[in-house]
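Enquirer: the sequence isn't on hand, but the structure is:
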């Protein structure tokens, strides 16, 4: 029995990056031998075991053969005579197909080190095209390592294009797709993930509503970058720079899908794109089986992001209605995430990345003001049910009216002061 460290741990050590987990491959052993040494099987029909002390995964060296559609359509062969080189041959990228023994001796039969130096994401073997999940994985690695200068090799991109056009991507389960999408959105360059998927044609299969935004123009006065797809990539860049959580990044990815429904004759305007986008976001959420927090925020941002952009113009009654629809009184964090997503939308425009966005602070202050209204006096008056709700609404509306008055008086004072300075 020989044990080798493989995959990401080897790759990231060679890149001088932190190693967060180790994967091991065992050559020359059987399942019975692993069990006899105390290893716990991960599944009844898969040759992967957990170490009895560390809990790390140890997989028997194996080969794989395509036997059906999708990520799970494989049969494998795992016996003591499978070599390390044969096991590494089945892996996706050359930079993931290296191994180390207990003495740090490197085994690199397929040029992983050379591709690390060349900053290339290159497939190991033509069998790459048998697994549709690898399209998403390569795009995710591109999003992770783009800051180091990595790119997808041309020949690998060709295989990804073949997979995208083959229909194999449709065989991926929502759970597997979401795992890759969610991880990729949290990488340093989530925009690269979307760009790579679009370039190989996979985005048009997995998220066609998002792919439809590329090539769709917007008014240059508001969007100097013009192209809606480019705007989406810029927004995702802002999400990464501001370290936004997954729910915000997912909402930003979907916030403008309604613009993909605008007829070319109406370009570059997109009237009511917010409302048009809601059914699309709902469908994407269901199809991808996104978590509930991601689903809810994506719907709110799609429908109300322009309300946030126009926050300084809203009347007190409209402002209160927006806060109520956001459930901002009971769910302050979700409301803050909504404001954050809208801020990323505003900053994700060419040349406007550092422009102030006062709407964010304004809306948070308005919400804070409305939350200070106490229900206790109304309860002491004996109000209940609908009457209690109406009374609370009236008090919040009064508080917001005073808030707007103070804000405008403050703005007028600042304008007058600036005028005196200019004079």
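Expert: Perfect, I can see it now. Note that this is a predicted model, so its numbers are computed, not measured.

Enquirer: can you tell me how far residue 410 is from residue 404?
Expert: Per C-beta to C-beta, to the nearest Å, residue 410 is found 11 Å from residue 404. Using the backbone N, CA and C atoms, a C-beta is placed for each residue, glycine as well.

Enquirer: between those two, tell me which one has more neighbours.
Expert: Counted by other C-beta atoms under 10 Å, residue 410 and residue 404 do not tie: residue 404 has more neighbours, with 18 against 10.

Enquirer: need the pLDDT of the more buried one.
Expert: You'll see residue 404 listed with a pLDDT of 95.

Enquirer: measure the residue lying closest to it once chain neighbours are set aside to residue 29 for me?
Expert: The shortest distance from residue 404 to any non-neighbouring residue, by C-beta to C-beta, 6 or more residues apart in numbering, is to residue 316 (5.4 Å). Distance, residue 316 to residue 29, by C-beta to C-beta: 72 Å.

Enquirer: before we move on, what about residue 87?
Expert: Distance of residue 87 to residue 29, computed by C-beta to C-beta: 12 Å.

Enquirer: likewise residue 174?
Expert: Residue 174 is 35 Å from residue 29, where distance means C-beta to C-beta.

Enquirer: residue 338 too?
Expert: Separation of residue 338 from residue 29 (C-beta to C-beta) stands at 53 Å.

Enquirer: ok, these two, which is more surrounded?
Expert: Using other C-beta under 10 Å, the more surrounded residue of residue 338 and residue 29 is residue 338, with 26 against 22.

Enquirer: for that one, give me its contacts.
Expert: Residues in contact with residue 338 (C-beta atoms under 8 Å, 6 or more residues apart in numbering) are 251, 297, 300, 301, 304, 308, 326.

Enquirer: now do the buried residues in stretch 34-46.
Expert: By 16 or more other C-beta atoms under 10 Å, the buried positions in stretch 34-46 come out as 34, 39.

Enquirer: all helices for the stretch 251-400 of the chain, in order.
Expert: Ranges of helices within the stretch 251-400 of the chain are 273-288, 292-309, 316-326, 332-347, 358-371, 376-380, 385-422, based on DSSP state H, counting those that start in this stretch.

Enquirer: need the ones you listed in CSV with distance to residue 266, can you?
Expert: Output for the helices of the stretch 251-400 of the chain, formatted as CSV (distance: least, C-beta to C-beta, whole Å):
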stretch, distance to residue 266
helix 273-288, 10
helix 292-309, 17
helix 316-326, 26
helix 332-347, 21
helix 358-371, 27
helix 376-380, 48
helix 385-422, 34
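
Enquirer: okay, now the domains of the protein?
Expert: Residue ranges for the domains of the chain, per automatic domain parsing: 1-118, 125-206, 230-313+323-355, 372-422.

Enquirer: and those domains as TSV, adding distance to residue 213?
Expert: Listed next are those as TSV, based on distance: least, C-beta to C-beta, whole Å:
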stretch	distance to residue 213
domain 1-118	27
domain 125-206	10
domain 230-313+323-355	5
domain 372-422	35
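
Enquirer: of these, which is nearest residue 366?
Expert: Across the domains of the chain, residue 366 has its closest neighbour in domain 372-422 (5.9 Å, C-beta to C-beta).

Enquirer: what's the distance between residue 284 and residue 138?
Expert: Using C-beta to C-beta, residue 284 is found at 22 Å from residue 138.

Enquirer: ok, these two, which is more surrounded?
Expert: Neighbour tally, residue 284 and residue 138, criterion other C-beta under 10 Å: the higher count belongs to residue 138, 27 against 22.

Enquirer: these two touch, right, that one and residue 121?
Expert: Yes: at 5.7 Å, residue 138 counts as touching residue 121 under the criterion of C-beta atoms under 8 Å.

Enquirer: what touches both of those two?
Expert: With C-beta under 8 Å, 6+ apart as the test, residue 138 and residue 121 both reach 93, 152, 156.

Enquirer: taking the residues you listed one by one, which sit in strands?
Expert: Judged by DSSP state E, strands contain the following of the shared contacts of residue 138 and residue 121: residue 152.

Enquirer: out of the shared contacts of residue 138 and residue 121, which comes closest to residue 398?
Expert: Relative to residue 398, the closest of the shared contacts of residue 138 and residue 121 is residue 152; by C-beta to C-beta it sits at 58.4 Å.

Enquirer: leaving out the residues flanking it, which one is nearest to the closest one?
Expert: residue 121 (4.9 Å).

Enquirer: check residue 274 too.
Expert: residue 303 (5.3 Å).

Enquirer: now do the contacts for that neighbour.
Expert: Here residue 303 is in contact with 274, 275, 277, 278 (C-beta under 8 Å, 6+ apart).

Enquirer: and those, which are buried?
Expert: Buried among those (16+ other C-beta under 10 Å): 274, 277, 278.

Enquirer: in JSON lines, list those along with distance to residue 334 and pLDDT.
Expert: Formatted as JSON lines, the buried ones among the contacts of residue 303 follow (distance: C-beta to C-beta, whole Å; pLDDT from 0 to 100):
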{"residue": "274", "distance to residue 334": "18", "pLDDT": "98"}
{"residue": "277", "distance to residue 334": "19", "pLDDT": "98"}
{"residue": "278", "distance to residue 334": "17", "pLDDT": "98"}
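
Enquirer: quick one: which of the residues you listed is nearest residue 367?
Expert: Among those, residue 274 lies closest to residue 367 (C-beta to C-beta), at 20.4 Å.

Enquirer: give me the neighbour count for residue 224.
Expert: Number of residues near residue 224 (other C-beta under 10 Å) recorded here: 13.

Enquirer: show me the contacts for the residue lying closest to it once chain neighbours are set aside.
Expert: Nearest non-adjacent residue to residue 224, counting by C-beta to C-beta, 6+ apart: residue 350, 4.4 Å away. By C-beta under 8 Å, 6+ apart, residue 350 lies in contact with 223, 224, 225, 230, 234.

Enquirer: read off the pLDDT value for residue 355.
Expert: With respect to pLDDT, residue 355 scores 95.
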